[in-house]
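Participant: sequence first, predicted coordinates after that:
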Amino acid sequence: MRIRRSLAAGWAAASDKAGRLAVLLVPARVRRIYVPPAYSAIDRAAVIIFGFACGILQANGRFPRPQDAYGYWIAHLDKLYPVQWGVDGQYIYPPPLAQITTILQPIGWQVFIIVWTTLLWAALAYMLGRWAWLFVALGIAALVFGLPYEAGDVLGHALNGNVQLFIAAGLVFALRGNVLGWLPGLLTKVVSGIGLGWYVVRREWRPLVLSLAAAAAVAAFSFIFSPSQWFQWVDWTIKNAGTPSPIVLEPIPFIVRLPMSLAVLIWGARTNRAWVVPIAVGWGTPALYLGTYPSMWIASIPLFLDPRFRR
């Protein structure tokens, strides 16, 4: 009993010191966006270290190869988009992500996947802190006991290398005051931009304009780098608009889910409930793969707990 109390006291003291150090080193305005609460700083560091270990195991082949991340990595700028979705290629996003991975190819796959996986877990740690372990446990339980796909979605995205967690963390980042948080979504899964309706309903034109301007600036730089790839992406998107998904989708079609998402978004914006934005974005994805929305919805947790967004 004494040992347990001693460990608890030591943990509390370490967390308090970490929080005080953050307060001293980071300005208040920046701290509200970037630095987690003092009590969970160590918790979040533990999640990031765990992600780093997962990246090393992936690089060494001890963990299965993350297919989504590998698809980003092997994307060739000379032939970036497949003729048909799911037949002869996986990359279907706008060009910027593929351009970045191409520039990084000299570092090698092993280094890339270690960094990529660590960053994904850092996004998870930023959003959830110690609660990230709950979703790790749910993912393991889904694998062992055959639970529904939704239970293992967060862990699956964290280990498969999909950009979904970056988009989710970006929503939290943006709604806490930094418009750059919209970039991961707007430059990959473009329809996630429906979350910008939060600003439209609230008539907050400055963050709306800045968000769109930042995305436009990155897209313009990418276009200057290679205009043909953007034309190819537009052409591919038009040609494959009616192509059936190669992956099983949720039975509720996009034409039904979109009005639902917009209604939730409008209600949240009018009542200062920012936590509805990730729900609207996740549910409003055109191709909603079976059980893949929880990894977007987890962004609602830190926003729900944020006192600035309580009615």
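Facilitator: On my side now, so go ahead.
Participant: residue 166 and residue 120 touch, don't they?
Facilitator: Yes: counting by CB atoms under 8 Å, residue 166 sits close enough to residue 120 to count as a contact (7.0 Å). (Each C-beta comes from the backbone N, C-alpha and C, glycine too.)
Participant: ok, those two, which is more surrounded?
Facilitator: Legend: neighbour count by other CB atoms under 10 Å for residue 166 and residue 120, higher for residue 120 (26 against 21).
Participant: quick one: that one and residue 159, what's the gap?
Facilitator: In this structure, residue 120 lies at 8 Å from residue 159, with CB to CB, to the nearest Å as the measure.
Participant: for residue 274, same thing?
Facilitator: Counting by CB to CB - residue 274 and residue 159 are separated by 28 Å.
Participant: equivalent analysis for residue 291, please.
Facilitator: Going from residue 291 to residue 159 by CB to CB gives 15 Å.
Participant: ok, residue 132 next?
Facilitator: Relative to residue 159, and taking CB to CB, residue 132 is found at 13 Å.
Participant: ok, residue 237 next?
Facilitator: As judged by CB to CB, residue 237 and residue 159 stand 28 Å apart.
Participant: which of these two has more neighbours?
Facilitator: Between residue 237 and residue 159, residue 159 has the larger neighbour count (other CB under 10 Å), namely 24 against 14.
Participant: what's the following helix or strand after the helix or strand of the chain with the lowest mean pLDDT?
Facilitator: When the helices and strands of the chain are scored by mean pLDDT, DSSP states H and E, helix 28-34 comes last with a mean of 48. Using DSSP states H and E, the helix or strand that follows helix 28-34 in sequence is helix 41-59.
Participant: so for that next one, what gets flagged as buried?
Facilitator: Residues 41-44, 46-48, 50-52, 54-59 are the ones in helix 41-59 that count as buried (16 or more other CB atoms under 10 Å).
Participant: that one - contacts with which helices or strands?
Facilitator: In terms of contacts (3 or more CB pairs under 8 Å, 6 or more residues apart in numbering; DSSP states H and E), helix 41-59 is packed against helix 2-25, helix 109-128, helix 132-145, helix 149-160.
Participant: please save the CA atoms from that helix in CSV.
Facilitator: Taking Å, rounded to 0.1, in the frame of the first residue of the first chain, the C-alpha atoms of helix 41-59 are listed here in CSV:
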residue,chain,number,x,y,z
ALA,A,41,1.9,15.6,-20.6
ILE,A,42,3.6,12.4,-19.6
ASP,A,43,0.6,10.2,-20.7
ARG,A,44,0.9,11.7,-24.1
ALA,A,45,4.6,11.1,-24.3
ALA,A,46,4.0,7.5,-23.4
VAL,A,47,1.6,7.1,-26.4
ILE,A,48,4.1,8.7,-28.8
ILE,A,49,6.9,6.4,-27.6
PHE,A,50,4.6,3.4,-28.1
GLY,A,51,4.0,4.6,-31.7
PHE,A,52,7.7,4.9,-32.2
ALA,A,53,8.2,1.3,-31.1
CYS,A,54,5.4,0.2,-33.5
GLY,A,55,7.1,2.1,-36.3
ILE,A,56,10.4,0.2,-35.6
LEU,A,57,8.6,-3.1,-35.6
GLN,A,58,7.0,-2.2,-39.0
ALA,A,59,10.3,-1.2,-40.4
